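1. Next input, structure requested:
(2 chains)
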Protein chains: 2
Amino acid sequence: MKRVLLKVAYDGTNYCGWQVQPNAKTIEGVLNECLTKLLKEEIVIIGASRTDAGVHAYGNVAVFDTNSRIPAEKLSYALNAHLPEDIVIQASMEVESDFHPRYCDTRKTYEYRIYNATFPLPTNRRYAHFVYYDLDLEAMRKAASYLIGEHDFVSFCSANTQVKDTTRTIYDIQIEKERELIVIRIKGNGFLYNMVRIIAGTLIQVGTHQWEPERVLEALTKKDRQAAGPTAPAKGLTLVEIEYL
Amino acid sequence: MKRVLLKVAYDGTNYCGWQVQPNAKTIEGVLNECLTKLLKEEIVIIGASRTDAGVHAYGNVAVFDTNSRIPAEKLSYALNAHLPEDIVIQASMEVESDFHPRYCDTRKTYEYRIYNATFPLPTNRRYAHFVYYDLDLEAMRKAASYLIGEHDFVSFCSANTQVKDTTRTIYDIQIEKERELIVIRIKGNGFLYNMVRIIAGTLIQVGTHQWEPERVLEALTKKDRQAAGPTAPAKGLTLVEIEYL
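-> Just a heads-up that it's a prediction; the model follows:
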């Protein structure tokens, strides 16, 4: 028996998120099914990050145990031959048998993409949130600076969470623009439910000058979801990388 | 009666190309239908570039004549409210009544995207051609340099063309890489049928070291389609811009 780690990329558009649900197509469900069929044993994967419906990933992480004699590094090739084209294993490798992708010190990187123009662009409509109003990047960067560090991010967490400890550390927020595409890149030690999308929605409020940058600091200190901005749409969000420290 | 110019962006994935065909969904067909319905008069557009099935555009150009009293600049908004989300009018404006989008001096810019990695990336699978083998950009740039200038590009034109004069001018070919994405950006005064895709396919032959860069010069002088490389897949190609001089 060995434990295998998968680095999983997907286009989340046509999935009801990562986590298995009855009567719904999910990334986890498709991976379990495909692995079970390929390895001819019942496989149940453990995912690192349960991304929401419509959220994309370049590098989500999952592990599973198998008796298969296929070398772990070759499993990516075998799996990709059977997976639908919107899920691709980017790497597979053997890990310690007690490695758990969630109960580890990690650094996660997310990107939130905004297409800021007069009209949407058809070729990025599934991967970027379209915003018509001009966004002031300097104001957004100032607002984002208040979020860096260790804070109780309960204001930036959807109300229906089961998590008790809402303290997280954000190491860095980069906001870059190339032509009409704005990318908010956030690195942290973990994120609460909908946290990146609420941060993106809040920064958009600041970028359109509806809110002053200082209101983000206020939202943080109020410890109230109502004090932060709206949850930006799922399709703009991509889980870029999970680093295990 | 006025002549209106449209700048049209589209995701070509689900279309059988630009040009109207019986029993097939085309960009031109959808635009004619939508305009006819919106303006309540029979509209037949004239397109600048008849892109192939699967090819994308940020800025193809079309014109049509109308008696409508809707200001030309407002038509983009009205049209976008009725078009499917994979076709978006980026701008609309009135032009001279004798302006013809094909019989004009133009400068056209195309981009061909290659995703060069061990495994494909689900989120760009519709907009980039996946190449597994490492591409040597310096060799590709050298090969591309032979194509700059005015040449008879008959070797780089699909055999089933009706065009007689196969001389075109390429002003510039830029080949840039950002992480795993390689973008070949070509500017010219016009392109023959499949010309950009054959150039891309030929440069890929050079990039994988199957061909020496000099073979591109040879292909050009041989004036024979067989002397050039294969036609790269449509999905990697985007018509970026048409400038009227």
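
2. All the strands of chain A, residue numbers only.
-> Along chain A, counting by DSSP state E, strands occupy A:2-10, A:46-47, A:56-66, A:87-95, A:106-116, A:129-131, A:149-152, A:167-178, A:181-188, A:237-244.

3. Quick check: neighbours of the last one in the sheet, parallel or antiparallel?
-> In this case it means strand A:237-244. Sheet pairing of strand A:237-244 (DSSP bridges) gives strand A:56-66 (parallel), strand A:106-116 (antiparallel).

4. Mean pLDDT and distance to A:Val240 added to the ones you listed, as TSV?
-> C-beta: built from backbone N, CA, C; applies to glycine. As requested, the strands paired with strand A:237-244 are exported to TSV (pLDDT from 0 to 100; distance: least, C-beta to C-beta, whole Å):
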stretch	mean pLDDT	distance to A:Val240
strand A:56-66	98	5
strand A:106-116	97	4
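
5. okay if I get these as TSV plus mean neighbour count?
-> Converted to TSV, the strands paired with strand A:237-244 look like this (neighbours: other C-beta atoms under 10 Å in any protein chain shown):
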stretch	mean neighbour count
strand A:56-66	22
strand A:106-116	21
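
6. rewinding a little: what about the strands of chain A, which gets the closest to B:Asn189?
-> strand A:167-178 (27.8 Å; C-beta to C-beta).

7. now that closest one and strand A:181-188, what's the angle there?
-> Calculated by axes from the mean of the first three to the mean of the last three C-alpha atoms, to 10 degrees, strand A:167-178 forms an angle of 160 degrees with strand A:181-188.

8. Columns distance to A:Ile199 on top of the strands paired with strand A:237-244, output as JSON lines?
-> Shown next, in JSON lines, are those (distance: least, C-beta to C-beta, whole Å):
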{"stretch": "strand A:56-66", "distance to A:Ile199": "17"}
{"stretch": "strand A:106-116", "distance to A:Ile199": "8"}
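
9. on that earlier part again, how about the strands of chain A, which one is nearest B:Ile43?
-> Per C-beta to C-beta, nearest to B:Ile43 of the strands of chain A: strand A:129-131, 26.9 Å.

10. Need the residues that contact the closest one.
-> Here strand A:129-131 makes contact (C-beta atoms under 8 Å, 6 or more residues apart in numbering or on different chains) with A:112-117, A:120, A:200, A:204, A:207-208, A:232-233, A:235-236.

11. who does that strand pair up with?
-> Partners of strand A:129-131 in its sheet, by DSSP bridges: strand A:106-116 (parallel).

12. Give me the contact list for stretch A:214-224.
-> With C-beta under 8 Å, 6+ apart as the test, stretch A:214-224 has contacts from A:143-144, A:146-147, A:151-156, A:202-203, A:205-206, A:227-229.

13. Can I get that stretch in CSV? Just the C-alpha atoms.
-> Taking Å, rounded to 0.1, in the frame of the first residue of the first chain, the C-alpha atoms of stretch A:214-224 are listed here in CSV:
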residue,chain,number,x,y,z
GLU,A,214,-9.8,52.7,4.9
ARG,A,215,-13.2,50.9,4.9
VAL,A,216,-11.3,47.6,4.5
LEU,A,217,-9.5,48.2,7.8
GLU,A,218,-12.9,49.0,9.4
ALA,A,219,-14.4,45.9,8.0
LEU,A,220,-11.6,43.8,9.4
THR,A,221,-12.0,45.3,12.9
LYS,A,222,-15.8,45.1,13.0
LYS,A,223,-15.7,41.3,12.8
ASP,A,224,-19.0,41.2,10.9
